[in-house]
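[1] Any chance you can model this:
(chains A and B)
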Protein chains: 2
Amino acid sequence: MNLRIRFRTFFIALLIFVYPLTADADATYKWRLAMSWPEGTPILHNAARRFAENVEKMSGGRMHITVDAPGRHKSALGIFDFVRIGAYEMGHTASYYYKGKDPTTTFFTTTPFGMTPTEMNAWYYYGGGLELLHKIYARHNIVAFPAGNTHIQMGGWFRNEIHSLKDLQGLKMRIPGHAGEVVEKVGMKPVNIPPGELYTALERRTIDAVEWLGPANDEKMGFQQIAPYYYTGWHEPGAELHLLINKEKFDALPEDLRTIIAVAAKEASLDMLSESFYRNALVWGRMREEHGIHIRTFPDDVLQAFKKANDELLQQVANKSPVAREVIESQRVFLTKAKEWSKITDQNYLELR
Amino acid sequence: MNLRIRFRTFFIALLIFVYPLTADADATYKWRLAMSWPEGTPILHNAARRFAENVEKMSGGRMHITVDAPGRHKSALGIFDFVRIGAYEMGHTASYYYKGKDPTTTFFTTTPFGMTPTEMNAWYYYGGGLELLHKIYARHNIVAFPAGNTHIQMGGWFRNEIHSLKDLQGLKMRIPGHAGEVVEKVGMKPVNIPPGELYTALERRTIDAVEWLGPANDEKMGFQQIAPYYYTGWHEPGAELHLLINKEKFDALPEDLRTIIAVAAKEASLDMLSESFYRNALVWGRMREEHGIHIRTFPDDVLQAFKKANDELLQQVANKSPVAREVIESQRVFLTKAKEWSKITDQNYLELR
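    Numbers count the residues shown, from 1 in each chain, chains lettered A, B, ... in the order given. Just a heads-up that it's a prediction; the model follows:
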């Protein structure tokens, strides 16, 4: 046997056996994630970034995810469509931004007077919430996972103190979504103004009040300087953000990567809740000492009016859509039990501590 | 070239190229995890099991973890040593069981009048808690991760109502650990009795009170039938369980598996908190209707006495050990800020909802 033939045989064998193995080891995925948050937004950008990093590490580099901010993809509120059509494989956003696409998506983020973060997680992972989320997003060719929680949000900054429902009449407030509809029903004027113009709008009395996120994000907006009445929260008791994934592309992944994504999203959910709590607690500790902020809770007649308006709106949505009814009912049934348990545990403990 | 030589060349090539690739793909780890919980314990066993399953799936089967209950390894409270010496690669247990080995381990589980689960997670992941946990466990050749939370535990079942501190004098109660020392300081007699004998002990008045876990685990113990005064919690406001791993073996793992373990543990932490809340809320909803249970909060003089005793005990531990002082101080500093934030968010929201 001459050397040439020997080498040729050797390389043919090499190709036959190495090709399928290297093909498998090389099955890397370079995916892109579009997030709703501007580059560097405290807490929110971090949740998207650590999700991507964990997936890369856990997959041993087989899945690399590039995170794009609106500065690049130009559509902070277009994540749902990006993912649906596959322009981006993934997105990190708030489900309730897509109320116009599907009214049911709202309640996966939060519901006024609804569940706290702990209650929300109990509902998602044990009370059937995740199944409903999957069912509803599947209709849009999307797989969604909870992937970040803002913790209980404050009710907003007001220029003047609110003594009764009367004081809210005609008051202009930046408050979007379902909560905006609630305050409108009781006589307020909800408006939407781009973040960059909020301070000036408040200063020039284009608006009288604004709700944003929490101290860690609000402080640098400067609201406390001109609207020193800081009201406690009722409308977003633990807004959950979501990871959206193009369903066809997700379903085509091997099982290990699908599990890696699901677990990394759940990790991001806990991590962002922890970071939200931590940063807000720290910044609040400083703010309450440095500025003359007055903490207020809405008077009882205001809260009752908000509750009534909220119940009526939920009923309207439920009447229009059987799937929305299913989600609203599932949350309502669980919350009835959850409230009793939270009362003798979380609430009681915080009161006696 | 004859056929024999051709085949021989082919198989040599095959071996040369396939061997390193299969060897790599074959680098599987068959690890064993010893848990403190009896087979099938609601919530607790599930946390250990889902951790193992997620690791197996995320690693594409490269890491298989067998979960052993005390029925097999015979030492529910010996997990720390099993893992330290490497008899088991991993354990799932409560850090405060190992107070005798290292008094500092106690506070990683919970501290009376201390942090709620959300506060605890904020401290672990953003307030330096995880770094302290790693630092202290490294001294014992162990890597520890938070991996399950029981949610806020109730204060226990009492045969008789407690009207003042006087009523606690000489009262025998099953309450272990640091909280046991607290109640002892105010005049009670803490005792430890194996779970299987608790009901009889309570029935025969060997003990007057018992704290266990929460409705989902307590109901089948039957305590409500003979001790109908159910007191709200103060001593375990969100006990965090831990995954313990032999440090040498953990450090020798490739990076992807180390990350998979860390992320799966964090997922188990959120998942168990969610399951604890869900099951307790559901069982409590039924129990409070079916049984004549009286919910009570300890009177103010009792709570003040518990607080004082707890503060003194923490001071004693801190005086004896500089590392324990570091943990206690780190928690105290964060909790001072966390309390103010929880007051205007969680507590306020639960009160107005």
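[2] CA-only coordinates of the helix or strand hosting A:Asp81 in PDB, if you can.
    Element membership of A:Asp81, judged by DSSP states H and E, is helix A:79-85. As requested, C-alpha coordinates have been extracted for helix A:79-85 and formatted as PDB (Å, rounded to 0.1, in the frame of the first residue of the first chain):
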ATOM      1  CA  ILE A  79     -40.900  44.100  20.900                       C
ATOM      2  CA  PHE A  80     -44.000  41.900  20.600                       C
ATOM      3  CA  ASP A  81     -44.000  42.300  16.800                       C
ATOM      4  CA  PHE A  82     -40.300  41.900  16.500                       C
ATOM      5  CA  VAL A  83     -40.500  38.600  18.200                       C
ATOM      6  CA  ARG A  84     -43.700  37.500  16.600                       C
ATOM      7  CA  ILE A  85     -42.400  37.800  13.100                       C
END
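[3] Distance from that helix to the middle of the chain?
    The offset between the C-alpha centroid of helix A:79-85 and the centroid of the whole chain comes to 16 Å, using CA atoms, centre = their mean, to the nearest Å.
[4] Mind giving me the packing neighbours of whichever helix or strand comes after it?
    Proceeding N to C from helix A:79-85, the next assigned helix or strand is strand A:90-93, under DSSP H and E. Of the remaining helices and strands, those touching strand A:90-93 by 3 or more CB pairs under 8 Å, 6 or more residues apart in numbering or on different chains; DSSP states H and E are strand A:29-35, helix A:44-58, helix A:79-85, strand A:240-246. Every C-beta, even on glycine, is put in place using the N, C-alpha and C of the backbone.
[5] Dump those to TSV, plus mean neighbour count.
    TSV is the format used below for those (neighbours: other CB atoms under 10 Å in any protein chain shown):
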stretch	mean neighbour count
strand A:29-35	21
helix A:44-58	22
helix A:79-85	21
strand A:240-246	26
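[6] of the ones you listed, which approaches chain B most closely?
    Each of the helices and strands packed on strand A:90-93 was scored for nearness to chain B using CB to the nearest CB, and the closest is helix A:44-58 (4.1 Å).
[7] For that closest one, C-alpha coordinates in PDB please.
    Listed next in PDB are the C-alpha coordinates belonging to helix A:44-58 (Å, rounded to 0.1, in the frame of the first residue of the first chain):
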ATOM      1  CA  LEU A  44     -34.100  46.800  33.900                       C
ATOM      2  CA  HIS A  45     -31.200  46.600  31.500                       C
ATOM      3  CA  ASN A  46     -29.300  44.500  34.100                       C
ATOM      4  CA  ALA A  47     -32.100  41.800  34.100                       C
ATOM      5  CA  ALA A  48     -31.800  41.400  30.300                       C
ATOM      6  CA  ARG A  49     -28.000  41.400  30.500                       C
ATOM      7  CA  ARG A  50     -27.700  38.800  33.200                       C
ATOM      8  CA  PHE A  51     -30.200  36.500  31.500                       C
ATOM      9  CA  ALA A  52     -28.000  36.600  28.300                       C
ATOM     10  CA  GLU A  53     -24.800  36.000  30.300                       C
ATOM     11  CA  ASN A  54     -26.200  33.100  32.200                       C
ATOM     12  CA  VAL A  55     -27.500  31.400  29.000                       C
ATOM     13  CA  GLU A  56     -24.100  31.900  27.400                       C
ATOM     14  CA  LYS A  57     -22.300  30.400  30.400                       C
ATOM     15  CA  MET A  58     -24.700  27.500  31.000                       C
END
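[8] and for whichever helix or strand comes after it, what are the contacting residues?
    Once helix A:44-58 ends, the next helix or strand along the chain (criterion: DSSP H and E) is strand A:63-68. Strand A:63-68 is contacted from outside by A:28-35, A:45, A:48-49, A:51-52, A:55-56, A:88, A:90, A:92, A:257, A:260, using CB atoms under 8 Å, 6 or more residues apart in numbering or on different chains.
[9] buried residues in the helix or strand just after strand A:63-68?
    Stepping forward along the backbone from strand A:63-68, the first helix or strand reached (DSSP H and E) is helix A:70-73. Within helix A:70-73, the residues that count as buried by 16 or more other CB atoms under 10 Å in any protein chain shown are A:Pro70, A:His73.
[10] Output the helices and strands packed on strand A:90-93 in CSV, with mean pLDDT and distance to chain B appended to each entry.
    Supplementary listing: these in CSV, determined by pLDDT from 0 to 100; distance: least, CB to the nearest CB, whole Å:
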stretch, mean pLDDT, distance to chain B
strand A:29-35, 98, 14
helix A:44-58, 98, 4
helix A:79-85, 98, 23
strand A:240-246, 98, 12
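[11] Quick one, which of those gets closest to A:His294.
    Smallest distance to A:His294 across those (CB to CB): 27.7 Å, for helix A:44-58.
[12] Show me what the closest one is in contact with.
    When contacts are defined by CB under 8 Å, 6+ apart, helix A:44-58 is touched by residues A:33, A:35-39, A:63-67, A:69, A:92, A:147-148, A:241, A:243, A:260-261, A:263-265, A:267-268, A:271-272, A:275, B:58, B:255-256, B:259-260, B:263.
[13] so how far is it from its chain's centroid?
    Here the centre of mass of C-alpha atoms in helix A:44-58, compared against the chain's by CA atoms, centre = their mean, lies 15 Å away.
[14] same thing with stretch A:249-262?
    Its chain's C-alpha centre and that of stretch A:249-262 lie 22 Å apart, by CA atoms, centre = their mean.
[15] Between the two ends of it, how far is it?
    Between the opening and closing residues of stretch A:249-262 we find a distance of 14 Å, counting by CA to CA, to the nearest Å.
[16] pLDDT (mean, whole number) over it?
    Computed over stretch A:249-262, the mean pLDDT rounds to 98.
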